[in-house]
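1. Task: produce atomic coordinates for the following.
(one chain, ligands or ions: 1)
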Amino acid sequence: MSDAGKGLRVGQGYDVHRLVPGRPLVLGGVTMPFDLGLLGHSDGDAVCHAVTDALLGAAGLGDIGSFFPDDDARYEGMSSLRFLEAVRERLAEAGLVVANIDVTVVLEVPRLGPYRDEMRAAVAGALGIDAARVGIKGKSNEGLGEIGRGEAIAALAVALLHEPGA
Ligand code: MG
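-> Okay, the predicted model is just below:
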């Protein structure tokens, strides 16, 4: 067997949250002006949750629910950037380094373009990596289903980790 890919670990993450009135809309750690927000125990930031799961999956460390149970009062209303900061510590303990992260946010509105760089910087900052290693793009669901009707926002993430010296 060749050594191609030695020391590399890939992980995927997915999350979806319902859009409801009376909540701020927070995606990728950035609060954006909108009349609805994501329902959730924390701030409902589906981008951070998908990235958290991608990183934990790549590291073989389980998932967001096992680390941050949604019945734990400590996480109520918390910024989900804190999840990324906690994962960053776990990765460091495991000797793993983030090569890159790529996120697709599936939503109808608002448009993410104006917030993209701020989101990338926030996610990268929480993980202690360069913003150039974080990709975030928005994708319409073409009016189909719950997301198409603007009732929910989903996020898909992949993360690549490497073990220096592996
Ligand atoms: Mg979530």
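
2. Report how many residues lie close to the one residue in the chain that gets nearest to the ion.
-> The ion sits closest to His49 of the chain, with a gap of 3.5 Å, by Cβ to the ion. Every C-beta, even on glycine, is put in place using the N, C-alpha and C of the backbone. By other Cβ atoms under 10 Å, the residues close to His49 number 28.

3. Contacts for stretch 45-54 next, please.
-> With contact meaning Cβ atoms under 8 Å, 6 or more residues apart in numbering, stretch 45-54 is reached by 11-17, 26-29, 38, 63-64, 67-68, 79-81, 83-84, 87, 101, 103, 105, 119, 123, 126, 136, 153-159.

4. Which ones, among these, also lie beside the ion?
-> Checking the contacts of stretch 45-54 against the ion by Cβ under 5 Å from the ion, the ones in range are Asp15.

5. Now, the contacts of stretch 45-54 that are in helices?
-> Counting by DSSP state H, the contacts of stretch 45-54 place 64, 67, 81, 83-84, 87, 119, 123, 126 in helices.

6. With pLDDT and neighbour count as new columns, can those residues be given to me in JSON lines?
-> Below are the ones in helices among the contacts of stretch 45-54 laid out as JSON lines (pLDDT from 0 to 100; neighbours: other Cβ atoms under 10 Å):
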{"residue": "Ile64", "pLDDT": "94", "neighbour count": "24"}
{"residue": "Phe67", "pLDDT": "87", "neighbour count": "17"}
{"residue": "Leu81", "pLDDT": "97", "neighbour count": "21"}
{"residue": "Phe83", "pLDDT": "96", "neighbour count": "24"}
{"residue": "Leu84", "pLDDT": "98", "neighbour count": "26"}
{"residue": "Val87", "pLDDT": "97", "neighbour count": "26"}
{"residue": "Met119", "pLDDT": "98", "neighbour count": "25"}
{"residue": "Val123", "pLDDT": "98", "neighbour count": "29"}
{"residue": "Ala126", "pLDDT": "98", "neighbour count": "23"}
